[in-house]
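Novice: fold the following.
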Amino acid sequence: MAVASALSLLKLLPFAVLFAAPALAHDYSVGNLTLTHPWARGTPPAPPVAAGYVTIVNRGGEPDRLLSITSPAAESIEVHESTTVDGIARMQRIDDLVVAAGQTLALKPGGLHLMILKPSKQLRQGEKFAGTFTFEKAGAIDVEFAVQGIGETPPLHLEHGDSKQ
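Specialist: Numbering: from 1, shown residues only. Prediction:
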């Protein structure tokens, strides 16, 4: 009897995952832009930096430029890009991030990402913190970053985001 119950529950698992995944995602829109699931990795206590990620979709007919990202949870937030050249990992700040018309730009681990400088406290898995993205044309949009585990990879429904510049 216990085996039959366990098999019945296993049959329901795909449906549970299907309905749970959208609950993990959170999207925000302003003008022609949609920001999909802003998230950050958890940190150890007293972190000097943290990493954040988001996918930006421009459904409009003209490009838009990211002017700033702010949060009361950090001294500042910058866009950075990780690259590996001749086996050496490098990171550089990107001062001019433009999201082209019709483009989906994924800021994700291993490429373009957000550097959250001097977070005001430890970022703990399951918590959220506020942020504001300001774009040249679309204007400002308030978001909530969901904090995931320290070594977390992108949520399954976001891991294949397209990153184009």
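Novice: show me what His113 is bridged to.
Specialist: His80 (DSSP bridges).
Novice: where along this protein do the strands fall?
Specialist: 27-30, 33-41, 49-58, 64-70, 74-85, 88-94, 97-99, 104-107, 112-119, 128-135, 139-148 (DSSP state E).
Novice: for those strands, give me a markdown table that also has mean pLDDT and mean neighbour count.
Specialist: Where C-beta positions appear, they are placed from N, C-alpha and C, glycine not excepted. Listed next are those as a markdown table, based on pLDDT from 0 to 100; neighbours: other CB atoms under 10 Å:
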| stretch | mean pLDDT | mean neighbour count |
| --- | --- | --- |
| strand 27-30 | 95 | 15 |
| strand 33-41 | 96 | 22 |
| strand 49-58 | 97 | 22 |
| strand 64-70 | 98 | 17 |
| strand 74-85 | 94 | 15 |
| strand 88-94 | 91 | 10 |
| strand 97-99 | 97 | 19 |
| strand 104-107 | 96 | 21 |
| strand 112-119 | 96 | 20 |
| strand 128-135 | 98 | 19 |
| strand 139-148 | 96 | 17 |
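Novice: pull the CA atoms of stretch 136-156 into PDB?
Specialist: The C-alpha trace of stretch 136-156 is given here as PDB (Å, rounded to 0.1, in the frame of the first residue of the first chain):
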ATOM      1  CA  GLU A 136      17.100  56.600 -20.200                       C
ATOM      2  CA  LYS A 137      13.700  56.200 -22.000                       C
ATOM      3  CA  ALA A 138      11.600  53.800 -19.900                       C
ATOM      4  CA  GLY A 139      12.400  55.600 -16.600                       C
ATOM      5  CA  ALA A 140      12.600  54.100 -13.100                       C
ATOM      6  CA  ILE A 141      11.300  50.700 -12.000                       C
ATOM      7  CA  ASP A 142      11.300  49.400  -8.500                       C
ATOM      8  CA  VAL A 143      12.100  45.600  -8.100                       C
ATOM      9  CA  GLU A 144      12.700  43.100  -5.400                       C
ATOM     10  CA  PHE A 145      15.800  40.800  -5.600                       C
ATOM     11  CA  ALA A 146      15.100  37.300  -4.400                       C
ATOM     12  CA  VAL A 147      18.200  35.900  -2.500                       C
ATOM     13  CA  GLN A 148      19.100  32.400  -3.400                       C
ATOM     14  CA  GLY A 149      21.800  30.100  -2.000                       C
ATOM     15  CA  ILE A 150      25.500  31.100  -1.900                       C
ATOM     16  CA  GLY A 151      26.500  28.800  -4.800                       C
ATOM     17  CA  GLU A 152      23.200  28.800  -6.500                       C
ATOM     18  CA  THR A 153      22.900  28.600 -10.300                       C
ATOM     19  CA  PRO A 154      20.100  30.400 -12.200                       C
ATOM     20  CA  PRO A 155      16.600  29.000 -11.600                       C
ATOM     21  CA  LEU A 156      15.800  26.300 -14.200                       C
END
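Novice: fine, thanks again, bye for now.
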